[in-house]
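K.L.:
Pasted the sequence and its predicted model underneath.
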Amino acid sequence: MKKKFLWWLIVGTKGGKNRARIINELKERPYNIHQLAEKLELDYKTVQHHMGVLEESGVVTSSGEKYGRLYFLSDKMEENYDTFHEIWSQFQKK
(Lines give C-alpha, C1' and ligand atoms only; values in the text may rest on other atoms or scores of the structure.)
Protein backbone atom coordinates (compact mmCIF):
# COMPACT_ATOMS: atom_id res chain seq x y z
CA MET A 1 0.00 0.00 0.00
CA LYS A 2 1.58 3.25 -1.07
CA LYS A 3 1.79 6.32 1.11
CA LYS A 4 0.30 8.46 -1.68
CA PHE A 5 -2.74 6.20 -1.80
CA LEU A 6 -3.27 6.51 1.95
CA TRP A 7 -2.96 10.30 1.73
CA TRP A 8 -5.62 10.33 -0.98
CA LEU A 9 -7.90 7.94 0.93
CA ILE A 10 -7.75 9.94 4.17
CA VAL A 11 -7.04 13.56 3.20
CA GLY A 12 -7.99 13.79 -0.46
CA THR A 13 -11.54 12.52 -0.31
CA LYS A 14 -14.72 13.86 1.25
CA GLY A 15 -15.26 10.85 3.53
CA GLY A 16 -11.63 10.50 4.55
CA LYS A 17 -12.19 11.47 8.17
CA ASN A 18 -14.84 8.78 8.67
CA ARG A 19 -12.72 6.19 6.86
CA ALA A 20 -9.80 7.02 9.15
CA ARG A 21 -12.03 6.64 12.20
CA ILE A 22 -13.17 3.24 10.93
CA ILE A 23 -9.57 2.12 10.33
CA ASN A 24 -8.64 3.17 13.88
CA GLU A 25 -11.50 1.16 15.35
CA LEU A 26 -10.70 -1.91 13.26
CA LYS A 27 -7.11 -1.78 14.50
CA GLU A 28 -8.43 -2.60 17.97
CA ARG A 29 -10.84 -5.41 17.03
CA PRO A 30 -13.17 -6.61 14.26
CA TYR A 31 -16.64 -5.06 13.98
CA ASN A 32 -19.74 -5.48 11.87
CA ILE A 33 -21.30 -2.43 10.23
CA HIS A 34 -23.99 -2.01 12.88
CA GLN A 35 -21.44 -2.06 15.71
CA LEU A 36 -19.24 0.48 13.92
CA ALA A 37 -22.21 2.75 13.23
CA GLU A 38 -23.10 2.76 16.94
CA LYS A 39 -19.51 3.16 18.13
CA LEU A 40 -18.78 6.04 15.75
CA GLU A 41 -22.27 7.55 16.01
CA LEU A 42 -22.73 7.42 12.24
CA ASP A 43 -25.64 6.35 10.08
CA TYR A 44 -25.61 2.65 9.12
CA LYS A 45 -25.72 3.48 5.38
CA THR A 46 -22.76 5.87 5.77
CA VAL A 47 -20.64 3.16 7.39
CA GLN A 48 -21.81 0.64 4.80
CA HIS A 49 -20.66 2.97 2.01
CA HIS A 50 -17.24 3.55 3.58
CA MET A 51 -16.75 -0.16 4.23
CA GLY A 52 -17.40 -0.79 0.53
CA VAL A 53 -14.75 1.79 -0.42
CA LEU A 54 -12.27 0.37 2.09
CA GLU A 55 -12.87 -3.22 1.02
CA GLU A 56 -12.56 -2.35 -2.68
CA SER A 57 -9.31 -0.54 -1.90
CA GLY A 58 -7.85 -3.53 -0.10
CA VAL A 59 -7.73 -1.76 3.25
CA VAL A 60 -10.19 -4.11 4.95
CA THR A 61 -11.33 -7.68 4.49
CA SER A 62 -14.50 -9.31 5.72
CA SER A 63 -15.71 -12.67 6.90
CA GLY A 64 -19.23 -13.94 7.38
CA GLU A 65 -22.55 -13.12 5.78
CA LYS A 66 -25.22 -10.45 5.91
CA TYR A 67 -25.54 -8.53 9.20
CA GLY A 68 -23.07 -10.79 10.98
CA ARG A 69 -20.25 -10.00 8.54
CA LEU A 70 -17.16 -8.89 10.44
CA TYR A 71 -14.59 -6.52 9.03
CA PHE A 72 -10.86 -6.65 9.73
CA LEU A 73 -7.88 -4.62 8.59
CA SER A 74 -6.19 -6.38 5.69
CA ASP A 75 -2.69 -7.75 6.15
CA LYS A 76 -1.42 -5.03 3.83
CA MET A 77 -3.07 -2.33 5.95
CA GLU A 78 -1.69 -3.88 9.14
CA GLU A 79 1.80 -3.70 7.60
CA ASN A 80 1.25 -0.02 6.73
CA TYR A 81 -0.61 1.05 9.85
CA ASP A 82 2.28 3.22 11.08
CA THR A 83 2.20 5.17 7.80
CA PHE A 84 -1.56 5.58 8.12
CA HIS A 85 -1.20 6.73 11.72
CA GLU A 86 1.41 9.32 10.70
CA ILE A 87 -0.95 10.71 8.04
CA TRP A 88 -3.92 10.67 10.39
CA SER A 89 -1.95 12.49 13.09
CA GLN A 90 -0.92 15.23 10.65
CA PHE A 91 -4.50 15.52 9.38
CA GLN A 92 -5.91 15.93 12.88
CA LYS A 93 -3.51 18.80 13.68
CA LYS A 94 -5.08 20.93 10.94
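P.N.:
Sure, I can see it.
K.L.:
so where is this protein shaky, pLDDT-wise?
P.N.:
Within the chain, the stretches with pLDDT under 70 are 94.
K.L.:
hmm, try it at 90
P.N.:
Within the chain, the segments meeting pLDDT under 90 span 1-3, 9-14, 65-68, 88-94.
K.L.:
would you list every one of the strands in it?
P.N.:
60-63, 70-73 (DSSP state E).
K.L.:
Of those strands, flag the one that's most buried.
P.N.:
Highest mean neighbour count of the strands of the chain: strand 70-73, a mean of 20 (counted as mean count of other CB atoms under 10 Å). Every C-beta, even on glycine, is put in place using the N, C-alpha and C of the backbone.
K.L.:
So which elements touch that strand?
P.N.:
Strand 70-73 sits against helix 16-28, helix 44-56, strand 60-63, with contacts defined as 3 or more CB pairs under 8 Å, 6 or more residues apart in numbering; DSSP states H and E.
K.L.:
Point out the other helices and strands that the shortest one packs with.
P.N.:
With contacts defined as 3+ CB pairs under 8 Å, 6+ apart, strand 60-63 has these neighbours: helix 16-28, helix 44-56, strand 70-73.
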